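Q: 3D model of this:
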Amino acid sequence: MPAPSPADLLPALLADDPARPRITCYDDLPGATAGERVELSARVLDKWVSKAANALQEEWDVAPGSVVVLAARPHWRAAYWALATWAVGATLSLVEVDDAEVAVSDTLPGPDAATSVSLTRASLARSSDVALPPGVVDEAADVSGYGDFFAPWATPEPDGTALVTGSGELTYGELVDAAARRWPGLPRGGRVDVAPASTQDLLLALVAAWSARGSLVVHVGGTDPAVRARRAQDEGVDHQIEVDPA
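A: Predicted coordinates:
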């Protein structure tokens, strides 16, 4: 039986229970989005992923073997761009590389790439909240026009690279098992709480929780422990995973 791929996780959740919340994100970073809570079911998240994946595939010719650089804080928008990259079968890099087709960033200037996409954290944003340089794609304004259904033109091989970090690479055949090994014993269908120190933490926690058909509660930006504990009670959290500080 082939190893599970990260591209298989969201479709499995859609089949299991499309209406159940699968990621709840609290934004505690300073700025206009401070205090924002966003909750996405598998069905709603699939629409975001499909729009981004269609943009990657149709507009920017991203496919297996292509590289997408993600330079964003560990936020729900970063998660759906990662899922979109895996949906098209490309390589997601959390470090800068020389040959990236697309770079998605929540700061300016972003990493060098053939196409640069500016990510806006605010959930209801219809355009970027800052003036963008010429040629930079406004994610909030431009990606929403792509379709809500995605069908990949190609699928990656199990030995194709899925994730590149500062500490190494993981293939499509390795990523799900590697995440599960990092945080073993997550409860089946559990509500998992995490305060990620990096986007790598977020993505591995997401993969680990979803591979157990669970959901994730994410706190971004130095959340006070007492606030996190209160939220965990309100959210029905039954497992908390800890990460090493950045």
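Q: From now on I want contacts and neighbour counts done on CA atoms only, so please keep to that.
A: Fine.
Q: my guess is Ala180 meets Leu203, correct?
A: No: taking Cα atoms under 8 Å as the definition, Ala180 is not a contact partner of Leu203, at 11.7 Å.
Q: neighbour-wise, which of these two wins?
A: Leu203 (22 against 19; other Cα atoms under 10 Å).
Q: Can you tell me how far the more buried one is from Leu119?
A: As judged by Cα to Cα, to the nearest Å, Leu203 and Leu119 stand 17 Å apart.
Q: Also Glu174?
A: Relative to Leu119, and taking Cα to Cα, Glu174 is found at 28 Å.
Q: More neighbours: which of the two?
A: Taking other Cα under 10 Å, Glu174 and Leu119 do not tie; Leu119 has more neighbours (24 against 20).
Q: contacting residues for the more buried one?
A: Residues in contact with Leu119 (Cα atoms under 8 Å, 6 or more residues apart in numbering) are 72, 77, 104-107, 128, 138-140.
Q: From those residues, list the buried ones, please.
A: 72, 77, 104-106, 128, 138-140 (16 or more other Cα atoms under 10 Å).
Q: for the residues you listed, which one is nearest Ser198?
A: Set against Ser198, the nearest of these by Cα to Cα is Ala72 (8.9 Å).
Q: Tell me the pLDDT of that closest one.
A: As predicted, Ala72 sits at a pLDDT of 96.
Q: pretty sure it is touching Ala103, no?
A: No: look at Ala72 against Ala103 with Cα under 8 Å: they stay out of range, at 10.0 Å.
Q: Identify the contacts common to the two.
A: With contacts defined as Cα under 8 Å, 6+ apart, no residue is shared by Ala72 and Ala103.
Q: and the helix or strand containing His219, which strands flank it?
A: According to DSSP states H and E, His219 maps onto strand 215-220. The pairing partners recorded for strand 215-220 under DSSP bridges are strand 21-27 (parallel), strand 191-194 (parallel).
Q: For that strand, give me every contacting residue.
A: Residues contacting strand 215-220 (Cα under 8 Å, 6+ apart): 21-29, 73-75, 189-196, 202, 205-206, 209, 228, 232, 235, 237.
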